[in-house]
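Asker: Next one to model:
(one chain, ligands or ions: 1)
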Amino acid sequence: MHDGSGRIVVQNLTKQFGPVTAVQNLSFTVEPGSVTGFLGPNGAGKTTTLRMLLGLVSPTAGFATINGSPFGRLGQPGRVVGAVLEAQGFHPKRTARNHLKVYASAVGVPDQRADQVLQLVGLGSAGDRKVGGYSLGMKQRLALATALLGDPQVLVLDEPANGLDPEGIAWLRTFLQSYARSGRTVLISSHLLAEVEQTVDQVVIISRGQTMYYGPLDHLRQSQQSRVIVQPSDVGALVTALRAEGVQAIEQLPDGRLAVAGVTSKYIADAALKAGVSVYGMQEEQIDLERLFFQLTSGQYAAPGYPGTGYYVQQQPPQQGGWA
Ligand SMILES: Nc1ncnc2c1ncn2[C@@H]1O[C@H](COP(=O)(O)OP(=O)(O)OP(=O)(O)O)[C@@H](O)[C@H]1O
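Answerer: The predicted model follows:
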């Protein structure tokens, strides 16, 4: 029996395909009530992890559970977990409504549920059209509708934003957030942080089958000290003035400007004024999460331990199986 918590636990999960280590010692927990992004570049091991979670591939070591049980031991799994892994092979001549009715009977829910989920995903008026004529975005919605048939407590979606236009992505965001706010668990994978940045509450970032960061997206943002970029009349004099005030995080950029962390623009302006240095321009640098994501997953970044809920994981030597 499962514990009904809606929690997903991945513990020391490893998958070896011959010489290829697709997933290595991966651990994270996904709590109900939030949307968790499972992020990593192509080939990082996301699909393999989700397939292990859904009992489609057996782990070489470690385990993955939903509600405290491996997928294979969940009673009525279709009612507990709704999953979409890659674009589904829909029968092109079948209407969406008929497709859903076939799956409804497999999950053990009444036929009317097909109409309900068509409405839920915004395909209410297209339910009687043949799926062969559907756009990629419509197929994504139909795949989601199929996953929703059993009104599952846990939703697992592999790259759900693929093929969606900006309106579709905005719709998906609202849908997933409200699904999670109703106390359910939502885990979505993506290889693009920007695509899911506004949807997810926490992230698990993996690279080459290993966890690189795990925790709230906000903590990842806050871990990046914002910087002020300043163009002074006399770089040396401003650096001396700031150092005299105890400011240490000063970097000279290739274009000659200074990047100063840990203080406000006003603080720098006051220090410059006091030192008789003119300031020709100043701007607060935007935190570039996408760049950080790239650094975390490109193997060039090894961050020290991070205090807080989220944490960085020290980079290991490159493994076979990750992206090149
Ligand atoms: N059945 C398999 N046999 C051999 N190698 C595999 C198999 N499945 C996956 N791999 C390898 O494991 C690694 C991880 O693949 P996986 O598909 O899990 O990554 P991913 O993060 O989902 O990438 P993508 O976003 O491109 O699907 C890759 O090197 C892949 O080639």
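Asker: And the helices in the stretch 51-200 of the chain?
Answerer: Secondary structure of the stretch 51-200 of the chain (DSSP state H, counting those that start in this stretch): helices at 77-80, 96-107, 112-120, 136-148, 166-181, 193-196.
Asker: So which bits of the stretch 101-250 of the chain are right by the ligand?
Answerer: Residues of the stretch 101-250 of the chain lying close to the ligand by CB under 6 Å from any ligand atom are residue 191. The way it works is simple: take the backbone N, C-alpha and C, and place the C-beta from them, glycine included.
Asker: which residue does the stretch 101-250 of the chain bring closest to the ligand?
Answerer: Minimum separation of the stretch 101-250 of the chain from the ligand (CB to the nearest ligand atom) falls at residue 191, amounting to 5.0 Å.
Asker: Kindly tell me how buried that residue is, as a neighbour count.
Answerer: For residue 191, the neighbour count with other CB atoms under 10 Å is 18.
Asker: give the contact list for residue 253.
Answerer: Shown in contact with residue 253 (CB atoms under 8 Å, 6 or more residues apart in numbering): 229, 259.
Asker: For the remainder of this discussion, apply numbering that starts at 160.
Answerer: Happy to do that; since the first residue is 160 now, the last one works out to residue 412.
Asker: Map the structural domains onto the sequence of this structure.
Answerer: In the domain annotation for the chain, the residue ranges read 167-380, 384-443 (automatic domain parsing).
Asker: and those, which is most packed in?
Answerer: domain 167-380 (a mean of 19; mean count of other CB atoms under 10 Å).
Asker: Let me know the pLDDT of the closest residue in space to residue 222 that isn't next to it in sequence.
Answerer: Leaving aside its chain neighbours, residue 222 sits nearest to residue 170 (5.6 Å; criterion: CB to CB, 6 or more residues apart in numbering). On the pLDDT scale, residue 170 is placed at 96.
Asker: Quick one: classify residue 170 as helix, strand or coil.
Answerer: Assigned by DSSP: H, G, I helix; E, B strand; the rest coil, the conformation of residue 170 is strand.
Asker: thought it was touching residue 211?
Answerer: No - with contact defined as CB atoms under 8 Å, residue 170 does not count as touching residue 211 (11.3 Å).
Asker: Mutual contacts of the two, please.
Answerer: residue 223.
Asker: hang on, residue 365 in a strand?
Answerer: Yes - applying three-state DSSP, one finds residue 365 inside a strand.
Asker: who are the neighbours in contact with it?
Answerer: 185, 197, 198, 199, 203, 204, 205, 208, 371, 456.
Asker: if we go to 6 Å?
Answerer: Residue 365 makes contact with 199, 203, 204, according to CB atoms under 6 Å, 6 or more residues apart in numbering.
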